[in-house]
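*Asks:* A predicted structure for the sequence below; I have some questions about it.
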Amino acid sequence: MSANIITSRFHTSADGLRLHLRDYVAQEASHLPVVCLPGLARTADDFDAVARALVSGTYGAPRRVVAIDYRGRGLSDRDADPKKYDLAVESADIQLMLAAEGITQAIFLGTSRGGIHTMLFAAFKPDLLAGVILNDIGPVLEPAGLIRIKGYVGKLPSPQNWDEAVALFKTVSGAQFPALSDADWHAYARLTLEEKEGKLVARYDPALARALDAYDPTQPMPDLWAQYEALKPFPLLAIRGETSDLLSPAIFQEMLARHPQAQGLTVPGQGHAPLLLDVPSIERICAFIGTISS
């Protein structure tokens, strides 16, 4: 990877927060870049394995990859006002960072919340998109998944060591990820937690839980079919975890049926959201991106 550069870079939001992204620069890349948007309580580091495969050209032409930390996650500043952990503010942050990086069009890989951002871009900023990968997200969110996520974001106890962290995550998410090996669980733990002052803490602001305060499982959520329909002009790879409780099999099949350029991938033994660490998933993502020639 001597010809490639992987670096952290920061930009300042409209309200003064320092926002972080990871930039994987392929010096010889001539195709459009890939922009990676993580889930609600996730970070740019979730995409490291995919990004390294893309930037190195392991499975095709090298691509630049930019992976973003939303405010309050990863290396981005936390917001003193938890109400700003919302889609509109995050969208403005994403657009600001992409403009600062000179990215006017890209292939978007969005996990969960990142996929919602991508569908919204299709509706009101379609010129940004050249192709789309949605990782375990669709126009209809299942209440069971939302209830489970609301139950743990910002509420988990602090483990004393990495083995205890792995045991905690197996307890919380083991039913969602029956196929993960011990090595996978350790990798997941280190993507989710970090060491600070001798303690293991979440890599996101616990106040992020406030973003889910308004969710009432007794009331139906508005769907995003209109925004999903706006993806029709773009090649689409829709990914679903086999045991996902947020994206149902029926909605997944309807997504594929409604989109004329859609491809589908089901990741066996993983739920919400597939970790994108396994070789078959990375190969499929890279192969799909390779079909987008621009």
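*Replies:* Right, received. Where do you want to start? Numbering: from 1, shown residues only.

*Asks:* so how far is Val65 from the closest residue in space to Gly57 that isn't next to it in sequence?
*Replies:* On the basis of C-beta to C-beta, 6 or more residues apart in numbering, the spatially nearest residue to Gly57 that is not a chain neighbour turns out to be Ala26, at 6.9 Å. For every residue, glycine as well, the C-beta is placed using N, CA and C. Using C-beta to C-beta, to the nearest Å, Ala26 is found at 8 Å from Val65.

*Asks:* Spit out the residues that contact those two alike.
*Replies:* Between them, Ala26 and Val65 share these contacting residues under C-beta atoms under 8 Å, 6 or more residues apart in numbering: 54-55.

*Asks:* For these two, work out which one has more neighbours and name it.
*Replies:* When Ala26 and Val65 are compared on other C-beta atoms under 10 Å, the one with more neighbours turns out to be Val65, at 30 against 21.

*Asks:* That one against Tyr24, yeah?
*Replies:* Yes - counting by C-beta atoms under 8 Å, Val65 sits close enough to Tyr24 to count as a contact (4.1 Å).

*Asks:* Now do the shared contacts for these two.
*Replies:* A shared contact of Val65 and Tyr24, defined by C-beta under 8 Å, 6+ apart, is any residue touching both; here these are 51, 54-55.

*Asks:* which among these gets closest to Leu87?
*Replies:* Ala51 (23.7 Å; C-beta to C-beta).

*Asks:* hmm, back to that, pull the contacting residues for the residue nearest to Gly57.
*Replies:* In this structure, Ala26 makes contact with 3-4, 54-57, 62-64, judged by C-beta under 8 Å, 6+ apart.

*Asks:* Now rank these by neighbours and give me the top one.
*Replies:* Neighbour counts for the contacts of Ala26 (other C-beta under 10 Å) peak at Leu54, which has 31 neighbours.

*Asks:* what about that one, which SS state?
*Replies:* Leu54 falls in the helix class when you classify it by DSSP: H, G, I helix; E, B strand; the rest coil.

*Asks:* from memory it sits against Ala67, does it?
*Replies:* No - here Leu54 lies out of contact with Ala67, judged by C-beta under 8 Å, at a distance of 10.6 Å.

*Asks:* what sits in contact with each of the two?
*Replies:* Jointly contacting Leu54 and Ala67 under the rule C-beta under 8 Å, 6+ apart are Tyr24.

*Asks:* Would you map the strands across the chain?
*Replies:* Counting by DSSP state E, the chain has these strands, from start to end: 4-12, 18-26, 34-37, 65-68, 106-111, 129-135, 193-196, 199-202, 236-241, 262-267.

*Asks:* Tell me which strands the fifth one pairs with, and in which orientation.
*Replies:* Translated: strand 106-111. Strands adjacent to strand 106-111 in the sheet, as given by DSSP bridges, are strand 34-37 (parallel), strand 129-135 (parallel).

*Asks:* do the fourth one as well
*Replies:* Looking at strand 65-68 with DSSP bridges, its paired strands and their directions are strand 18-26 (antiparallel), strand 34-37 (parallel).

*Asks:* which residues are in contact with that strand?
*Replies:* 19-24, 33-38, 44-48, 50-51, 54-55, 94, 97-98, 101, 103, 106.

*Asks:* for the strands paired with strand 106-111, which one sits closest to Ser248?
*Replies:* Each of those was scored for nearness to Ser248 using C-beta to C-beta, and the closest is strand 129-135 (14.2 Å).

*Asks:* wouldn't Arg240 be in contact with Leu246 here?
*Replies:* No - counting by C-beta under 8 Å, no contact exists between Arg240 and Leu246, whose distance comes to 9.4 Å.
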